[in-house]
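Undergrad: coords below, sequence missing:
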């Protein structure tokens with residue numbers, strides 16, 4: 001006998017909650033999906049999708065936009081990076 005699964009559309013927020021439950025479950029992906037009635041393929045696809053989103057967000061937070069002042073170009077900028085290197089910008 002084959003079990004038919006009803007196709008359920010879930011929002012990104014619902015998938016985030018599902019992945020959070022999975023992370024705290026201690027189960028394998030297959031065990032978790034069987035218990036939750038999820039397809040393993042959909043689960044894996046959403047894992048990849050949300051990880052990519054997190055990675056992009058983390059990268060976006062690392063950059064700060066700087067704009068040049070509107071005064072005459074007599075300024076200089078010196079930026080010391082965590083690894084000890086220094087970036088100097090002069091007119």
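TA: Alright, I've got the coordinates. The structure presented is a predicted model; accordingly, all values stated were derived computationally and were not measured.

Undergrad: all contacts plus neighbour counts: C-alpha atoms, from now on.
TA: Fine.

Undergrad: Can you show me the helices along the protein?
TA: 12-25, 29-36, 40-62 (DSSP state H).

Undergrad: Most tightly packed of these?
TA: helix 29-36 (a mean of 15; mean count of other CA atoms under 10 Å).

Undergrad: For residue 64, give its distance to residue 82.
TA: 15 Å (CA to CA, to the nearest Å).

Undergrad: swap that for residue 53, sorry
TA: From residue 53 to residue 82 the distance is 26 Å (CA to CA).

Undergrad: chain center to stretch 38-51, what's the gap?
TA: In this view, stretch 38-51 has its centroid 14 Å away from the chain centroid, taken as CA atoms, centre = their mean, to the nearest Å.

Undergrad: To clarify, my last question referred to stretch 82-91.
TA: 29 Å.

Undergrad: got the end-to-end distance for it?
TA: By CA to CA, one end of stretch 82-91 lies 24 Å from the other end.

Undergrad: now do stretch 22-37
TA: 13 Å.

Undergrad: before we move on, the earlier item: turn the helices of the chain into CSV, columns for mean pLDDT and distance to residue 90.
TA: Converted to CSV, these look like this (pLDDT from 0 to 100; distance: least, CA to CA, whole Å):
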stretch, mean pLDDT, distance to residue 90
helix 12-25, 92, 46
helix 29-36, 94, 54
helix 40-62, 80, 23
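
Undergrad: Let's have the ones you listed in TSV, adding distance to residue 89.
TA: Converted to TSV, these look like this (distance: least, CA to CA, whole Å):
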stretch	distance to residue 89
helix 12-25	42
helix 29-36	50
helix 40-62	20
